[in-house]
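**Q** Predicted structure and sequence below. I'll ask about it afterward.
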Amino acid sequence: GESAQLGRDIRVRQRLQVVDTRGRPVPDAEVSVVAGNGARMWARTDAGGQVWVHPNAFDDRDTPRYQVQVRRGGRSVEATLQRGQKNALQVVMPDAAPPARARLDLVFMVDATGSMGDEIDKLRGSLQGIVRDISRLPSNPDICLGLVTYRDRGDEYFVRGWDLTGNVGAFQQVLDGVQANGGGDYPEAMNEAFNHAVQSLSWRGPSTTRVLVSLADAPPHMDYAPPRYDQTALAALGKGIKVFSVAASGQDTTGEIVQRQIAQYTGGRFIFLTYKDAADPASGAGTQTTHDVSNYSVDTLDQLVVRLVREELARLPKG
């Protein structure tokens, strides 16, 4: 299908699980997967100590086995991953003390063109509730927030970023200043924004759960010079940034494929917003969607973000 021509081949995926000697997940461990021909990928394990490896995304030569190296806290363990093995590869690391408190970096990447006004208003109105509900989670995470907004060439701006901060009030003020405007043609500067979010923000170091929520209703411009989203997805996995792609009303097939690929490669999820009238985001909350899916549950945007974060942090090892 179309997804095979676009971006990376992520049809084949294998699970790698890192645990300690007591079987508890080891989050945020550095992982490298190397083929004999030199092809390699980097990742960091997620809150559940897991990495999804997509061999064809970095090695197009069907190498039968890969050397895996896992590092954490100055220690290193090696293992071999067989291409196509059905069960997860489990790597056991020596025990390490879990951090005293969960750390969460939560960045919103938002298309700020004219058609996104309703979604931006929703996010703006519910941010304090999102942060309040996350801070009340059992893990009591230390939260930092960041924001990247983007439009397109010829608009008032291309990409804007606000670095991660622990000051929720200041962040709310930034969000209050974001206006949806411009757009013109349909595709937007998503490639450039994603690259900025991954490479230019000050994501925190070891033992941080890093989540990027991408909110978009249009595909990236694939006719601009690189960076391209598929390169950036490789970098995101290497930095341990998990992307939850949220498709708003109007997102087309190309945009949906891009959002799904980024989410799948980084171990996140693809989600779509629903409306009273699927084709009209201004129609208010409802259960209708333009996306071709079945068996979906309905959450408001704020509940959705809190639920995704809650599920992610719940996978962290208990002390």
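**A** Structure received. Owing to the predicted nature of the structure, the values given are computational and were not obtained by experimental measurement. Numbers count the residues shown, from 1 in each chain.
**Q** For this structure, just list every one of the helices.
**A** 2-5, 55-58, 117-135, 168-176, 190-199, 229-239, 253-266, 301-313 (DSSP state H).
**Q** between these, which one is nearest to residue 65?
**A** helix 55-58 (10.2 Å; CB to CB). C-beta here means a position set from N, CA and C on the backbone, and glycine is covered the same way.
**Q** residue nearest the centroid of the chain?
**A** residue 243 (0.7 Å; CA atoms, centre = their mean).
**Q** and that residue, how far is that from residue 180?
**A** From residue 243 across to residue 180, the span is 22 Å (CB to CB, to the nearest Å).
**Q** do the same with residue 232
**A** 24 Å.
**Q** Neighbour count: these two, which is higher?
**A** residue 232 (26 against 19; other CB atoms under 10 Å).
**Q** Next one: the residue nearest to the centre of the chain, what pLDDT does it get?
**A** Residue 243 is assigned a predicted lDDT (pLDDT) of 97.
**Q** Low-confidence bits of the chain, can you list those?
**A** Within the chain, the segments meeting pLDDT under 70 span 1-5, 157, 183-185, 274-299, 319.
**Q** Now stretch 158-178 - C-alpha only, CSV.
**A** This file holds the C-alpha atoms of stretch 158-178, laid out as CSV (Å, rounded to 0.1, in the frame of the first residue of the first chain):
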residue,chain,number,x,y,z
PHE,A,158,7.2,28.6,10.1
VAL,A,159,8.1,26.8,13.4
ARG,A,160,8.2,28.2,16.9
GLY,A,161,9.4,26.4,20.0
TRP,A,162,9.1,27.0,23.7
ASP,A,163,11.6,24.9,25.7
LEU,A,164,10.7,22.5,28.5
THR,A,165,9.8,24.3,31.8
GLY,A,166,8.5,23.2,35.2
ASN,A,167,6.6,26.5,35.5
VAL,A,168,3.0,25.6,34.6
GLY,A,169,1.8,29.2,34.9
ALA,A,170,4.4,30.5,32.5
PHE,A,171,3.6,27.6,30.1
GLN,A,172,-0.2,28.4,30.2
GLN,A,173,0.6,32.0,29.3
VAL,A,174,2.6,30.8,26.3
LEU,A,175,-0.3,28.6,25.2
ASP,A,176,-2.8,31.5,25.8
GLY,A,177,-0.8,33.5,23.2
VAL,A,178,-1.0,30.8,20.5
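**Q** dump the residue contacts of the closest residue to residue 224 other than its chain neighbours.
**A** Residue nearest to residue 224 in three dimensions, not counting chain neighbours: residue 191, with 6.6 Å by CB to CB, 6 or more residues apart in numbering. Neighbouring residues of residue 191 by CB atoms under 8 Å, 6 or more residues apart in numbering: 220, 221, 222, 224, 226, 227, 228, 229, 232.
**Q** same deal with residue 248?
**A** The neighbours of residue 248, taking CB under 8 Å, 6+ apart as the test, are 111, 116, 119, 215, 216, 217, 272, 273, 281.
**Q** Surely the fourth one is in contact with residue 107?
**A** Pointing back at residue 215 there. No: using CB atoms under 8 Å, residue 215 is not in contact with residue 107, being 11.2 Å away.
**Q** what bridges to residue 188?
**A** residue 220 (DSSP bridges).
**Q** That one contacts residue 113, doesn't it?
**A** Yes: here residue 188 reaches residue 113: they are 5.8 Å apart, a contact under CB under 8 Å.
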